[in-house]
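[1] below are the sequence and a predicted model for it; my questions follow.
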Amino acid sequence: MIRNYFKIAFRNLWKSKGYAAINIVGLAVAFCISIFLFLTAYFQLSFDLFHKDSDRIFQTYLFSNKPEKEEKGTSMPMPLTPALKAEYPEVEAAARLVNGSSMVEYKGKYFDKQVMLTDPDFLKIFTFPMLKGSSETALNDLSNIVISENMAKAVFGTEDPVGKQVMLGAEGGSQKQYNVTGVLADFPDNSSIQYDAFIRVENHPGYQNQKDAWDAMSHNVYIKLAPNVDQGSFEKRLKSFSNKYFAGNIAVLKKQGAKPDERGDIFAVRLQKLANVHFNKDISGGSAVTLIYALMGIACFILLIACINFINLSVARSFTRAREVGVRKSLGALKNQLFVQIWGETSMICFVGFLAGLFLAYVFLPQFNATFRGKLTLEYIFQPASMAIVLGLFVLVTLIAGGYPAWQMSKFNAVEVLKGKITLTRPGILRNSLIVTQFTLSSLLICCTIIAIQQVNFLRTQPLGFNKDQVISIPVGNKVNGQQVLRRMRNKLDNDPTILGISGSGVNLGVGSDHSTSRSILGFTYKEKEISSDWVSVDYEYAKTLGIKLLGGREFDPAYPTDSLDRVIITEQMAKMIGEKDPVGKYFQTDTAGVKYQIIGLIPDFHLYSLKADQKPITLHISHSESINYIFVRVTPQSLSGAMDKLKNVWKEVAPQSEFIGSYMDENTDAWYKEEERLSQIFSLASGVAILLSCLGLFAVALMVIEQRTKEIGVRKVLGASISSIVYTLSEDFVKMVVLSIIIATPLAWFFMQKWLDNYSYRIEISAWIFVSVGIAAIFIALVTVSFQSIKAALMNPVKSLKSE
């Protein structure tokens, strides 16, 4: 019997090759895209969950309920971690983590590596596999270093690294010897913490000055709570800790008029779960979790559209198979036997479509990773959880797409069917509802795509406050002294007419070739006002090189030796924050015993970081003791094409031991919005696939409907109906459904994208013309899809259509 079912199913599918092909292609594309999107979401949602007891690991952050808005930050003072461990026994382990990079020397060879500074408890909190050495003792000594497997291969080759000595520090500068005491496995792709090596935090250059300073924020802190300790109850216990050690912050906030939040806090130490670190943009600057949910939603949309196609075609095709069902019933076939047979046919189509989707996913995986900067591999598909997702998709689609039509067809009344009457109750309602749903989802995705693209373009074209064009940014790296290299470049290019300006900074503008970014925010009190400013180390001609005009005062000048000691240039926003209309000549101190800085210049506000974040006041200063990490060179527009090669040759002379990885500043600032660009690309792909599948389904349904109305079309032609009136009659209902879908999709798209845009300080206003344009385009696409079959039917000879009946 089962073999007979398969034989009949195969014959029926072969007989209706076009119907089967449309369904298989639609399902294959839907399965392929959905596999990509669901696996991407699974990869993102798995971040940091590979650590043992990850539910007990937290990152600390400081909450400040300022009068204007709430602020949250993960940068902590050095004494916080020892105080937490000493005063709270439920803190099982606590570790500071300072990002860092350093030159590693071994046998005269130098390697630029990411060397993190931390406490011994780090290896107790995080369970990165220890390949060699003991996690209990590996960081017990200040001269110990634990390295990654990748660094061990790069530095030591096939040698056993444990027990070997390496030197850390700039080439030709101060260096310190460290003993390798352990080798950690390389961090996985879904880890928020990335590293080449770890040394003790006490080796940080500013540790001695900061170890007792509660107002110097410089690093992240992670803690592991004892079992059965609740996060909420522990945070309540931390209130007394905040009142004890941050009393000054609380007093300043009260003077500013700050009020307690709903938890009764003006200023507090709080915790966020390790699983949230990757996603919490407000606290840790991670990726937006809404993007992950958007991926999952889009995957569901595409699968739903493919299922709707399947259901519509199966229900429409049920009319042509009605007599077959009637004959089988009259010969004694039971309802459940008919259901199994018909559902078996649809399951075969689903299975073939599923296999084709897996094959497409295998073929296009490299292109998907390249386009969306993904890190998916085929190994993810064969993980137990991934296999469950993929097989779950197959079963769900098979049940939804195949089960309903099979159930409807098995209910046909045999007597009525054999008389030529089909008792399926108003099938048009279901079919029309599904078509409306299809085009609603497609229109929704198209609207979201257009709005996302407009927002990305808006961010990229917004004035940044400086001229990013014709500027080349060169990361200095750790092998050379940035101050010295900058001076050498000035000497080399001083008389070159194509060079308009050379300067340097500790902070890059945009995301350069080194993919690195850093931020230093200094907080202090000025005339009883709490001041917070980006504190940026720069070099001479900074404003000139970036095309920033002075509003008052002067720029830094080598003719004034004190400019590199206690002089600063501030932005307009900084002037407003300190309450000075004419700030040039005014003085301020960042701490009572520190340097007294004089303001010598005022410049317009400019964006040091992405427009996604709120703009902060900026203070520029020159310090010969601070490093220059980036060199900026402005060239003439005519020389731009050859400028990169010229600078590369100069770099070989001024810094032969360091690799030249210069990039154009306008490209660097564009890279700020790679996440938004990725989102718009995903929406574009999804909307393209969705509209393709919708049109495929609409085409097939129109073909079926017109086939069922063949006699009606013939009668109309015989009675004198014109071709245009017949085309209008056949297309009218489909156009009405598309219009209804636009009406439904418009408010949904507006609501969701309004919520998304609210995350940006600088954003577009959604135009009504977007929805009008999408509506017109959808109607046009539907008309083109349906009209082909409508015109073909209208041109048919009525004698043939009536004769066929």
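    Thanks, I have it. Numbers count the residues shown, from 1 in each chain.
[2] give me the phi and psi for the residue positioned nearest the centre of the chain.
    Closest to where the C-alpha atoms of the chain average out (Cα atoms, centre = their mean) is E675, at 4.5 Å. Per-residue torsions, E675: phi -70, psi -40 (degrees, to the nearest 10).
[3] buried set for the lengthiest helix in the chain?
    Counting residues, the longest helix found in the chain (DSSP state H) is helix 335-372. Neighbour-count burial for helix 335-372 flags 338-350, 352-354, 356-358, 360-361, 365, 368, 372 (criterion: 16 or more other Cβ atoms under 10 Å). (Each C-beta comes from the backbone N, C-alpha and C, glycine too.)
[4] repeat that for stretch 220-229.
    N220, V221, Y222, I223, K224, L225, V229.
[5] can you tell me how far E149 is from Q59?
    25 Å (Cβ to Cβ, to the nearest Å).
[6] higher neighbour count, these two?
    Q59 (22 against 16; other Cβ atoms under 10 Å).
[7] so the more buried one, which state does it fall into?
    Three-state assignment for Q59 (DSSP: H, G, I helix; E, B strand; the rest coil): strand.
[8] show me what contacts it?
    By Cβ atoms under 8 Å, 6 or more residues apart in numbering, the contact list for Q59 reads T74, N220, V221, Y222, L271, Q272, L274, V277, I283, S284.
[9] strands of the stretch 251-400 of the chain, start to end?
    With strands called from DSSP state E, counting those that start in this stretch, the stretch 251-400 of the chain shows them at 267-273.
[10] just the stretch 401-550 of the chain next, same as before
    Going by DSSP E, counting those that start in this stretch, the stretch 401-550 of the chain shows strands at 471-475, 499-505, 521-526, 529-537.
[11] elements contacting the first one?
    Right, the one you point to is strand 471-475. strand 630-635, helix 640-654, strand 663-664, helix 665-670 (3 or more Cβ pairs under 8 Å, 6 or more residues apart in numbering; DSSP states H and E).
[12] tell me where the stretch 101-250 of the chain has strands.
    Under DSSP E, counting those that start in this stretch, the stretch 101-250 of the chain gives strands at 102-106, 109-113, 115-118, 130-132, 144-148, 165-168, 176-184, 197-200, 217-225.
[13] in a markdown table: these, plus distance to P497 and mean pLDDT.
    Listed next are the strands of the stretch 101-250 of the chain as a markdown table, based on distance: least, Cβ to Cβ, whole Å; pLDDT from 0 to 100:
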| stretch | distance to P497 | mean pLDDT |
| --- | --- | --- |
| strand 102-106 | 36 | 85 |
| strand 109-113 | 34 | 84 |
| strand 115-118 | 42 | 92 |
| strand 130-132 | 57 | 92 |
| strand 144-148 | 48 | 94 |
| strand 165-168 | 43 | 91 |
| strand 176-184 | 45 | 93 |
| strand 197-200 | 46 | 94 |
| strand 217-225 | 44 | 90 |
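[14] okay if I get the ones you listed as TSV plus distance to L303?
    Converted to TSV, the strands of the stretch 101-250 of the chain look like this (distance: least, Cβ to Cβ, whole Å):
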stretch	distance to L303
strand 102-106	49
strand 109-113	45
strand 115-118	42
strand 130-132	42
strand 144-148	40
strand 165-168	52
strand 176-184	40
strand 197-200	44
strand 217-225	39
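[15] tell me which of those strands sits nearest to A86.
    strand 217-225 (12.9 Å; Cβ to Cβ).
[16] now for that closest one, which elements pack on it?
    strand 57-65, strand 76-77, helix 80-87, strand 91-98, helix 122-125.
[17] for these, which one sits closest to I744?
    For I744, the closest of the helices and strands packed on strand 217-225 is strand 57-65, at 41.0 Å, according to Cβ to Cβ.
[18] which neighbours does that closest one have in its sheet, and in what orientation?
    Next to strand 57-65 in the sheet, as set by DSSP bridges, lie strand 70-73 (antiparallel), strand 217-225 (antiparallel), strand 267-273 (antiparallel).
[19] check what contacts the last one and list those residues.
    When you say that, I think you mean strand 267-273. So strand 267-273 is contacted by 55, 57-65, 80, 223, 231, 234-235, 238-239, 241-242, 246, 249-250, 253, 280, 283-284 (Cβ under 8 Å, 6+ apart).
[20] chain center to that strand: distance?
    25 Å (Cα atoms, centre = their mean, to the nearest Å).
[21] and the angle for that strand with helix 80-87?
    90 degrees (axes from the mean of the first three to the mean of the last three Cα atoms, to 10 degrees).
[22] quick check: buried residues in strand 267-273?
    Buried, per 16+ other Cβ under 10 Å, within strand 267-273: F267, A268, V269, R270, L271, Q272.
[23] same question for stretch 93-107.
    Counting neighbours by 16+ other Cβ under 10 Å, the buried set in stretch 93-107 is 93-106.
[24] those residues into TSV, with extra columns for distance to D670?
    Shown next, in TSV, are those (distance: Cβ to Cβ, whole Å):
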residue	distance to D670
A93	42
A94	40
A95	36
R96	35
L97	30
V98	30
N99	24
G100	28
S101	25
S102	30
M103	31
V104	33
E105	37
Y106	38
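[25] out of the residues you listed, who's nearest Q438?
    Out of these, the member with the shortest distance to Q438 (by Cβ to Cβ) is N99, at 48.4 Å.
[26] and F301, what's its pLDDT?
    Looking at F301, its pLDDT stands at 83.
[27] show me the contacts for Q573.
    D605, Q615, K616, P617, I618.
[28] for A94, see how far away it is.
    36 Å.
[29] what's the answer for D160, then?
    32 Å.
[30] now swap in V689 and tell me
    48 Å.
[31] where does the prediction get shaky in the stretch 301-450 of the chain?
    315-335, 337-338, 340, 342, 378, 380-381, 386, 401-428, 430 (pLDDT under 70).
[32] do that again at 90, thanks
    301-355, 357-359, 361-446, 448-450 (pLDDT under 90).
[33] shouldn't L703 be in contact with Q789?
    Yes. Judged on Cβ atoms under 8 Å, L703 makes contact with Q789 at a distance of 5.4 Å.
[34] pLDDT score for the nearest residue to N243 once chain neighbours are set aside?
    In space, and not counting its chain neighbours, N243 is closest to I250: 6.9 Å by Cβ to Cβ, 6 or more residues apart in numbering. The model reports I250 with a pLDDT of 86.
[35] look at I250 and say how many residues are nearby.
    17.
[36] so who does it touch?
    So I250 contacts S242, N243, I266, F267 (Cβ under 8 Å, 6+ apart).
[37] so what's the gap between stretch 737-755 and the chain middle?
    For stretch 737-755, the distance to the chain centre is 24 Å (Cα atoms, centre = their mean).
[38] one more: stretch 393-403?
    On Cα atoms, centre = their mean, the centre of stretch 393-403 falls 31 Å from the chain's centre.
[39] with stretch 639-659 instead?
    The answer for stretch 639-659 is 34 Å, by Cα atoms, centre = their mean.
[40] equivalent analysis for stretch 458-478, please.
    Centroid separation between stretch 458-478 and its chain, computed with Cα atoms, centre = their mean, is 22 Å.
[41] number of nearby residues for the closest residue to L365 other than its chain neighbours?
    Once flanking residues are discounted, L365 sits nearest to L376: 6.4 Å by Cβ to Cβ, 6+ apart. Applying other Cβ under 10 Å, we find 21 residues neighbouring L376.
[42] for L376, give me its contacts.
    Contacts of L376 (Cβ under 8 Å, 6+ apart): F36, L39, T40, F43, L365, F368, N369.
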